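Participant: A predicted structure for the sequence below; I have some questions about it.
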Amino acid sequence: ANPLVRLNATPVLADTFPLRDPDEGEDRTEAVVTKTVDVLTSLLRDPEPRVRVAASNAAGRIMVSFWDVLQTTDIRRLLNEIITKHSSDASSAAVRAESVATIGLLLEAEHSRAVLRPLLPSLGNLIHD
């Protein structure tokens with residue numbers, strides 16, 4: 001798909017998370033959540049900066065709303081992309097700015113603070129970006 005399609009689909013992914021059939025079992029729901037996180041991770045690695053910005057925002061919105069539904073490994077995977085890769089993205093200032101905005105959004109949710117606390121010092125240099 002072209003970048004514009006991925007860009008437009010990314011917020012829909014966040015709006016419909018977790019997209020599942022209510023008649024299906026818990027195992028199927030977990031599989032759908034895992035597949036959605038896989039797709040979101042690939043969007044966070046997209047070559048198009050606008051898609052990465054939208055994916056960072058979508059990941060933040062999903063984590064704030066569904067922190068308890070997501071597995072710890074999935075949360076860490078998403079945070080790793082946003083904090084270690086997006087915050088130092090040399091190709092796009094918009095991606096770096098959105099990484100900080102996403103972390104700000106996550107900090108509004110109390111349940112995320114314990115996980116984010118050790119990661120925040122690595123974002124200190126972005127204040128002057």
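Facilitator: Sure, I can see it. Numbers count the residues shown, from 1 in each chain.
Participant: from here on, contacts and neighbour counts on C-alpha atoms
Facilitator: Will do.
Participant: and the residue nearest in space to the middle of the chain, what element?
Facilitator: Geometric centre of the chain, nearest residue: A59, 2.2 Å, by C-alpha atoms, centre = their mean. For A59, the host element (DSSP states H and E) is helix 49-66.
Participant: so what secondary structure elements neighbour that helix?
Facilitator: In terms of contacts (3 or more C-alpha pairs under 8 Å, 6 or more residues apart in numbering; DSSP states H and E), helix 49-66 is packed against helix 3-16, helix 26-44, helix 93-107.
Participant: Can I get these in a markdown table including mean neighbour count, mean pLDDT and distance to R117?
Facilitator: Below are the helices and strands packed on helix 49-66 laid out as a markdown table (neighbours: other C-alpha atoms under 10 Å; pLDDT from 0 to 100; distance: least, C-alpha to C-alpha, whole Å):
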| stretch | mean neighbour count | mean pLDDT | distance to R117 |
| --- | --- | --- | --- |
| helix 3-16 | 15 | 94 | 25 |
| helix 26-44 | 17 | 88 | 22 |
| helix 93-107 | 20 | 89 | 9 |
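Participant: Is the residue lying farthest from the centre of the chain part of a helix or strand, or is it coil?
Facilitator: Note on the chain: the largest C-alpha distance from the chain mean falls to D23, namely 27.5 Å (C-alpha atoms, centre = their mean). Classification of D23 using DSSP: H, G, I helix; E, B strand; the rest coil returns coil.
Participant: Phi and psi next, for it.
Facilitator: Main-chain torsions, D23, degrees, to the nearest 10: phi -80, psi -10.
Participant: mind checking how far it is from T29?
Facilitator: Here D23 is placed at a distance of 10 Å from T29 (C-alpha to C-alpha, to the nearest Å).
Participant: Can you report how many residues neighbour the residue nearest to P11 when sequence neighbours are not counted?
Facilitator: Nearest non-adjacent residue to P11, counting by C-alpha to C-alpha, 6 or more residues apart in numbering: A58, 5.9 Å away. The number of residues packed near A58 is 23, by other C-alpha atoms under 10 Å.
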